[in-house]
Structure formats: C-alpha cells, structure tokens
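Novice: My questions are about this predicted structure, shown below with the sequence.
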There are 2 protein chains.
Amino acid sequence: MSLTIKVQFISPTHLNFRNKPSCFFTAYDSRIRPKPIYHSNPLTTTSHKPRRMQGPVRSPSVIKSSLIEPDGGVVVDLVVPESERGAKTVEAESLPKVRLTKIDVEWVHVICEGWASPLKGFMREDEYLQSLHFNSLRMKDGSFVNMSLPIVLAIDDATKENIGSSSNVGLVGPDGDLIAILSSIEIYKHNKEERIARTWGTTAPGLPYVEEVIASAGNWLIGGDLEVLKPIKYNDGLDHYRLSPKQLRKEFDRRNADAVFAFQLRNPVHNGHALLMNDTRRRLLEMGFKNPILLLHPLGGFTKADDVPLDVRMEQHSKVLEDGVLDPETTIVSIFPSPMHYAGPTEVQWHAKARINAGANFYIVGRDPAGMGHPTEKRDLYDPDHGKKVLSMAPGLEKLNILPFRVAAYDTVAKKMAFFDPSRAKDFLFISGTKMRTYARTGENPPDGFMCPGGWKVLVKYYESLQAEEATKQAAVVSS
Amino acid sequence: MSLTIKVQFISPTHLNFRNKPSCFFTAYDSRIRPKPIYHSNPLTTTSHKPRRMQGPVRSPSVIKSSLIEPDGGVVVDLVVPESERGAKTVEAESLPKVRLTKIDVEWVHVICEGWASPLKGFMREDEYLQSLHFNSLRMKDGSFVNMSLPIVLAIDDATKENIGSSSNVGLVGPDGDLIAILSSIEIYKHNKEERIARTWGTTAPGLPYVEEVIASAGNWLIGGDLEVLKPIKYNDGLDHYRLSPKQLRKEFDRRNADAVFAFQLRNPVHNGHALLMNDTRRRLLEMGFKNPILLLHPLGGFTKADDVPLDVRMEQHSKVLEDGVLDPETTIVSIFPSPMHYAGPTEVQWHAKARINAGANFYIVGRDPAGMGHPTEKRDLYDPDHGKKVLSMAPGLEKLNILPFRVAAYDTVAKKMAFFDPSRAKDFLFISGTKMRTYARTGENPPDGFMCPGGWKVLVKYYESLQAEEATKQAAVVSS
C-alpha cells in the first residue's frame, strides 16, 4: 500500500480515501456511504468549496495545520471573561442555588470548554429527548451533530421548590464555592428508568455510573445556558495536563499538524497500544500526511472502582514517553475531563464527537469500546463489534475518519507485542487487564516486551500500595 | 383565523405555514426549525424546484392531487408478479425453511406493501443498529429516513443450524403455507434485553408485545431481502379494508386530494374524535386546501388483550360513517396492518412514517400516543407530552406536518363533545376507555352525544358477548 497523494493546504477530511487500507474507514458503512462530505478549513480558507486534488501536487515546503471544523462551527467557551467575573459573581450570589456533586462539576468542566459543542449548557428537555432517542441534535440549518449521552443536571424536590419561578440559578460546588450560573432554565421530569434503559440498553443493577450518579439523583432535571465564573481546576497536580479543546487546537496548529489521531483510554498503555499508535502514524504518513500528531487522551473524570486511578495512569503514560515507546515530538498527552458512563456503543460516540471538537479528524476505536461485563450475567454487556459499527453509522460523525483497532497480543516467538496473526494463533498470548493486575500484585514480571519497564514499575508500585492498604484494613478489622 | 391563501397545483408540503394556527406545527421545534424543505410532486412535476406562492392566486377550476413523496422516493412493492409466482414457489420449496408466527406474517405484510419503505426486507444488523440507536436509516445520498422500530425476524438455534450456509430461506406461515423468500440473508445475535430497553425505555415485565413476541423468540435475528409469493390475505371478511400504500395513493389521486390527514387509532371512534377530525378538515380548508381527505386508519395487527378487537372496531367505524358523524365523501377508512408495540414516543414515529408512505402529509397526534400504563408501577409508562415532542423532532419526518390533538371532552352544558375549555373545566366530563367499557357492560347509556347511537350499539353488543362468554366459562368451572 503506497499512495502518492501529496497534501498541500488541504484539510485531510477532503481526502476521499478510496484507496485507503482496509483497516481505515470513514464514518459510514460501505453499503450506505453517501457522497463524501467536504468541510472547508476555517484556518486556511473562507470558501465553503473544498479544493479538490487534481492528481499529485508538489510536496509543500511548509506544512500548515488544517484542523477539522468543530461541531456547530465554533468551539463553545463558557468561561466568563476575567473583566466580568466580579459582576457575574455578585449576580450568582443573589440567585437560588443548586448544589453540584463532584461528577456534576466534571460535566460543567466538559460543557464550558466546548467538548460538547454546540451544547451551551445542561440539556433542556428538547435536547435531552433528541439525545435519548436519536443520539444527535438537529441544528438550525437542518444538519445533525452527534450527541449520544444526555448531559443533564438532576435536582431534588426541595431544590426545585427553592428555585420557584426564578429563571436563573447559581451552581455551587461540593465544597460550597460558587462555580457557575445557569440561566433561562427549564425544569423537567427525570425519568430515571427510561434514561437508564435508553442509554445503557439495560436496567440491570450494578452499572457504575447509575449507582454512583443516577440512583441517588433527584427526580427533576434542570437545563439552561451555562456561564462558568472561572476555569475549573482540580489542584491535584495534574491540571497542566488538562488542555481545553481550544488549547489543544492551538497546540496542533503550533506543531503544524496536518492530521490528528485520537486515542481514548482509561487503562495503562502497554506495548500493544503503542504498536497500534505507531502503526497508525506510519499509515497516515503513507497516505500522504506529512505531520500526523497523536492525541493520547486518557479519560480523567469518574471511573469505576477497579480501574487504575488517574494519577497512576498519568505517571505510567509519562514513563511510556520517557522510555521512548511513543515519540514525544509527535504525541500530545492530555486529560479528557469527561466522566465515564460504561455505555458501550452509545458512549463511544460521545468519546469520538468530543475529540472532533478538540481537533482530531482520526479516531481509533477498539473492540468493545466503553464496554464492560454485564453487571448480573456472565457475558459482555455489549456485542464487542457494535461499538465500531454504531460509530461508523452515527449521525453527525460523517467528517470523522474511524480507525478500527487492530488486535495486538504477545507474540511468544518474536517475544514482543505484535498484531495478532490468526494463521499462528497458538503463538500469541492475550494478557487481559485481570491477568496484568495479577502479575503486578504477585510481583511476577509480565513477559518481556509487554510494557516498557518504567511504566510497569509504576503499576507494580500502585498494586503494592493497594495490597498494603488492604492489609492495614484487615488488621484494623481483626483488632477492632 | 382566516387565511386567504389559495393553492393551485401546489403540493401542500410547499406551504410555509408561517401563519398557521397554533395547533399546527411541522416536524420541528420552533427553536430548531431548519430551512423549509420542499419536495417536488412526483405526480404533477418532474422539476425539483417547487413553485412558490406569489401572493394570492386564482382559485383553480380543477383540483389535482399532489401527494407527499414516499420515503426513499418509491413505494416498495415486494409481491412477486403473477407471471413469476410458479418459478419462485419452486425455488422457495427447495430452500431451508423458517416458520413464522402470526405476528411475523403481519410484518411480512407491512414490509411487502411498502409501509416501511425504503426497507426491502427484515432488517440486517446495520439497519437494526441504526433503528435501535438513531431511530432512522441513512440513505445513500446522506439523507435520513425515519425508522424507529426494529422490524426483525427472530429464529432459534435449531433453525439457524438448519439454515447452515444457505444464503436464502423460505418463509412458512403458521399453517404451513409457503409465504415468501428471504434472500442474501444475514444472521446476527438477538440481544433481547438491549432491544427491549432501547425500544421501550424499560425492561419491566408485562409489556404486551414483549410477552407475546419477544420473550419466546429465538436468540438470533435473520435479515435479508423479501419477496412475497402472493398478496397477504386474512380471509376474515375485512380484507377489502386492507388497502396498500399504493392503493391508498391511487384512491387519494382518484379523489383529487390536495391534502391527506391521517388519524391512527386502535379504539372505537367517539364524537370527540369526530369533532377533532372534522375540525382539522375545516382548518385545512381555511388554509387554502380545496379537497383535504381524511385517512381514518385503525391499526389491524396485534393489540393487547383488553383492546377492542379489530372486527368490532371496523363495524363501529362503519356505523360512524353511516350515521353521518364523518363524511364518507371525504373519508377513507382502511386498515393499517402493523402490529402494536405500545412503545410510546418510539412507536409514534413508526405510525407517522408509515402514513407518509401511504400518501398522508398531515398526521394527527394525541396525548400519550402509543402509550399505556407502566406495567408494574402506578403511572403512565411515558410522559404524555413526549410522543408529540419526539415526533416533532424526529429525523426523517421533516416533510410531515404534525397536528397536535386538541383535547375533547363531554360538555355537560352543551350536552355534546366539545374541545375542552379550561376556563370552565367543571362543565367537562372526561370519559375514559375504562368508563366507556363500564357503561357498555352495565347496559347504562353514556351521556347523550358521546357517541353516535349506531356505533354505541356495536360496542354494547361486543361487551355483552364478552360477559356471556365469561359467564359460560365460570359455569364450566363450577360444573367441572
């Protein structure tokens, strides 16, 4: 596979990819592929007509960034400008208050930085219903943007009563600090059963986000326009990793990226992941891109209890870059502030859509993305193939190029992680998350070449600390 | 409210309705209304540019029909032409067989006549997933058609094994008669829990369609292209009421309809319904339409046990026309062959979409369409307002004009059914289905003017027969 196409000041989304390798596909099934949709590059042209490629063109001497257009055309930014903060804070103080949970604040963060563009606040009922039934929102011009998860704020009866007929409210963080204003509000019923069934495709007990967030939430949802009084910070030593979509776009621009490929993860990076990411870059170069940049984008919001915590993951990721497994020159590591739903095919759309807003035009999708085991039955909650199928057909994701994950496993002959070759299946060892945890817990080393040594040490340290913690707890139970 | 617009050879869908009465709205929320979409009239013009209204035009001397375009541009017709039936039957006989239930046959009927156009068979997995997640299917040109219910055929393990690697199967009715061929088949997993959760927004036990159809269905779905060996007939004395979308379009054409407004129902027609239908016609005339035709369109497939059976309803409806409550000249009574899901906002989209294919460009939607009580909780399963909200925002229904149902009740002062006037709420009596059944059972007459006497007699006779049946059963229990 070698393409001679040269790209010059042309957005990668203009590529037709008719000769793309079989592992690449755009957000359509081949049987239902519409005419290619061309998007103008807001950074290099004001025309809406793309420049078509007229055969090979000369290699450009200067690569210029040409980022994918955000949903709705503009990255939403809802942080009040510094000059207006004083007045807005006074206004917020005078309003009825809504108390937020830690996860509500994560959503405030997500919305205010424009990850959910064009959404400008917590969903009103029209948006909620469209998200729930259609996984998309209709824009004024009749087009659709993807919006698969309801991004909503729940309140209880007492809060609703306290709001009364006020059309604006102040949002207060878990520590009592005034965070934001929600204006032109709409309060509507929170039918939890229906929300859960339509979002997760099950109502079985034990869904992590449901248990953590929805079960105890109030019976009302409150939507409105959000204004955040100052940028959301966590003061956990990781804020420098939390780049907004605007900041990421600026950085891609600064690096003259002509393709951005995003890798969503909530687990440590092993050499199989690295192989995949490096291989993707190689293929993008082969396709004619001159400067593809990897967005290594771990999810930073709520995750379930047995996932590796964010700080450990960030330390592990930085070791992976230090050890040279991924190239720091062509990789940006940043935190995606969204909480995790574990809602499989519904959620993977959100993960992809948010990365469009951050400037990514290629999205790597794996087996069973955002999936988990069924909470009450011995099976995967979702068909492992549905995630990429649903993603490839989702309304509003047409401009995104979907890159299906190639399965990597430990090749016991080559003694390294390699793409699985079914013709010699017996040579490959699949190391699951559970298996990895067992290695780390027992102090046993995984096969050589599974993960870079620096990264592995971080995990061993974490699991040792967990064991120590458990031992202390057990001792406390015994002595009490 | 009086509009002076005169319509001449212009499709009603070309009307902008900016001056429409507040009870009319097109399939958009006002806040998200896109540019109006114009559809050419396949019957009167080949141009795709509509003729715009240039101020009042002269009243036409001849009204010409101008029906809404079916989804996908053509009404699907999958009945094998008579000349090919012999050969096709021989072919079908040689294939592995799939045995259909009564309700599967109803779906074969629905698909083969084009109610679900552009669907050409039971859904393959791509279509199933789009229906489940997006309530719509993407067409080759990138546009969407609405498709909110999964129209699928389930098979069990033994049938799957028997099919083996055959790419075509024969479909056999419950009585063993060969009905159809399904070709280029695809077999995929039937995750019942996910299907139920995403279709109904609940997995509570007691959903009629789930209990009747899904609970006992196999663990696989089989999709493919359908060819039906001969038109589906029920031989129940009602087949003459079962007009296909093509036949209905021909009839609307013959009557020179310039607007077709559809009324979906699965209950007897009382004078409140009649008031609404007659009032809708009056409003359409006021808007400038010259010959609006009512499609009174009772659902004829599976309904739950306590709904009034189809034959009784059809007899009642014909009395309503005989008694002159509805005008036979401007009304077509026909049976919609679909089974009922009772899936509220998800199903009402199907009800509306199917009527587009039959030529209706106006659709009347009531409170809680296709809704029912929650099977295990004391509340409506769906928010009664969600049906019309979801319908008004649904992808693929942009060309349909949605007419929200005005609430009619018995006006005890005027002694007739009238639109509810909240300023004198105490004068109105709401007669529920349960109340109506109680009247009929006890032999008590409902208030004068609630239903035409001929129609009421049909119901009384039905409920008396039910009581007689119950008495016989009880006597049998006692004597045994």
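Specialist: Happy to help now that I have it. Numbers count the residues shown, from 1 in each chain, chains lettered A, B, ... in the order given.
Novice: Dead centre of chain A: give me the residue that sits there.
Specialist: Residue closest to the average C-alpha location in chain A (Cα atoms, centre = their mean): residue A:351, at 3.6 Å.
Novice: Give me the below-cutoff pLDDT ranges for the stretch 1-150 of chain A.
Specialist: Scanning the stretch 1-150 of chain A for pLDDT under 70 picks out A:1-65.
Novice: Could you pull out the strands in it for me?
Specialist: For the stretch 1-150 of chain A, applying DSSP state E, counting those that start in this stretch gives strands covering A:25-26, A:97-99, A:136-138, A:144-146.
Novice: cool, and the stretch 151-300 of chain A?
Specialist: Under DSSP E, counting those that start in this stretch, the stretch 151-300 of chain A gives strands at A:154-155, A:169-172, A:178-189, A:220-228, A:259-265, A:292-298.
Novice: closest to residue B:423 out of these?
Specialist: Across those, residue B:423 has its closest neighbour in strand A:178-189 (26.3 Å, Cβ to Cβ). The C-beta positions use only the backbone N, C-alpha and C, and glycine is treated the same way.
Novice: and chain B, which of the strands of the stretch 151-300 of chain A is closest to it?
Specialist: Nearest to chain B, of all the strands of the stretch 151-300 of chain A, is strand A:178-189, at 6.1 Å by Cβ to the nearest Cβ.
Novice: Partner strands of the closest one, with direction?
Specialist: Within its sheet, strand A:178-189 is paired with strand A:169-172 (antiparallel), strand A:220-228 (antiparallel), according to DSSP bridges.
Novice: And residue A:170, how close does it get to residue A:180?
Specialist: As judged by Cβ to Cβ, to the nearest Å, residue A:170 and residue A:180 stand 7 Å apart.
Novice: what residues are shared contacts of these two?
Specialist: residue A:92 (Cβ atoms under 8 Å, 6 or more residues apart in numbering or on different chains).
Novice: Looking at these two, which is more packed in?
Specialist: Neighbours per residue, other Cβ atoms under 10 Å in any protein chain shown: of residue A:170 and residue A:180, the larger number sits with residue A:180, 29 against 21.
Novice: Make sure the more buried one is actually in contact with residue A:108.
Specialist: Yes - Residue A:180 lies in contact with residue A:108 (Cβ atoms under 8 Å); the separation is 5.8 Å.
Novice: Mean pLDDT for the strands paired with strand A:178-189 - can I get that in CSV?
Specialist: Below are the strands paired with strand A:178-189 laid out as CSV (pLDDT from 0 to 100):
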stretch, mean pLDDT
strand A:169-172, 98
strand A:220-228, 98
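Novice: how about the ones you listed, which one is nearest residue A:127?
Specialist: strand A:220-228 (6.9 Å).
Novice: tell me the SS of the nearest residue to residue A:384 once chain neighbours are set aside?
Specialist: Excluding the flanking residues, the one nearest residue A:384 by Cβ to Cβ, 6 or more residues apart in numbering or on different chains is residue A:368, at 3.9 Å. Recorded secondary structure, residue A:368: coil (DSSP: H, G, I helix; E, B strand; the rest coil).
Novice: and residue A:368, backbone torsions?
Specialist: Torsion angles at residue A:368 (phi, psi; degrees, to the nearest 10) stand at phi 50, psi 50.
Novice: Can you list the buried residues in the top helix by length along chain A?
Specialist: Assignment by DSSP state H gives helix A:453-479 as the longest helix of chain A. For helix A:453-479, the neighbour count (16 or more other Cβ atoms under 10 Å in any protein chain shown) marks A:454, A:455, A:456, A:458, A:459, A:462, A:463, A:466 as buried.
Novice: what residues are up against the second one?
Specialist: Spelled out, it's residue A:455. Contact analysis of residue A:455 by Cβ under 8 Å, 6+ apart lists A:268, A:269, A:270, A:316, A:317, A:319, A:320, A:323, A:325.
Novice: What subset of those is buried?
Specialist: For the contacts of residue A:455, a burial check counting by 16+ other Cβ under 10 Å picks out A:268, A:269, A:270, A:316, A:317, A:319, A:320, A:325.
Novice: ok, now how distant is the closest residue to residue A:88 other than its chain neighbours from residue A:225?
Specialist: In space, not counting the residues next to it along the chain, residue A:88 is nearest to residue A:80; the distance is 4.9 Å by Cβ to Cβ, 6+ apart. Applying Cβ to Cβ, the value for residue A:80 to residue A:225 is 12 Å.
Novice: same deal with residue A:453?
Specialist: Here residue A:453 is placed at a distance of 50 Å from residue A:225 (Cβ to Cβ).
Novice: Please state the offset of the longest helix of chain A from the chain centre?
Specialist: Chain-centre distance of helix A:453-479: 29 Å, with Cα atoms, centre = their mean, to the nearest Å.
Novice: same thing with stretch A:465-480?
Specialist: Centroid separation between stretch A:465-480 and its chain, computed with Cα atoms, centre = their mean, is 36 Å.
Novice: Quick one: mean pLDDT for that stretch?
Specialist: What stretch A:465-480 shows for mean pLDDT is 82.
Novice: quick revisit: name the nearest residue to the residue nearest to the centre of chain A, ignoring sequence neighbours.
Specialist: residue A:264 (4.7 Å).
Novice: List the buried residues in stretch A:167-185.
Specialist: Buried, per 16+ other Cβ under 10 Å, within stretch A:167-185: A:168-173, A:178-183, A:185.
Novice: what does that stretch rub up against?
Specialist: Applying Cβ under 8 Å, 6+ apart, the external contacts of stretch A:167-185 come out as A:88-89, A:91-93, A:95-102, A:104-105, A:108, A:112, A:121-122, A:153, A:163, A:166, A:222-229, A:232.
Novice: Quick one, which of the residues you listed are buried?
Specialist: Neighbour counting over these (16+ other Cβ under 10 Å) leaves A:88, A:91-92, A:95-98, A:100-101, A:104-105, A:108, A:112, A:121-122, A:153, A:163, A:222-224, A:226-229, A:232 as the buried ones.
Novice: Which residue does the stretch 51-200 of chain A have closest to chain B?
Specialist: residue A:142 (3.0 Å).
Novice: Report how many residues lie close to that residue.
Specialist: 14.
Novice: Surely it and residue B:395 touch.
Specialist: No - the criterion here is Cβ under 8 Å, and residue A:142 misses it with residue B:395 at 10.1 Å.
Novice: neighbours around the residue nearest to residue A:419 when sequence neighbours are not counted, how many?
Specialist: Spatial nearest neighbour of residue A:419, excluding adjacent residues (Cβ to Cβ, 6+ apart): residue A:406 at 5.1 Å. Neighbour count of residue A:406, defined by other Cβ under 10 Å: 15.
Novice: Could I get the pLDDT score of residue A:406?
Specialist: 80.
Novice: same thing with the one 5 residues further on?
Specialist: Looking at residue A:411, its pLDDT reads 94.
Novice: element containing the spatially closest residue to it that is not a sequence neighbour, please.
Specialist: The shortest distance from residue A:411 to any non-neighbouring residue, by Cβ to Cβ, 6+ apart, is to residue A:418 (4.0 Å). According to DSSP states H and E, residue A:418 maps onto strand A:416-419.
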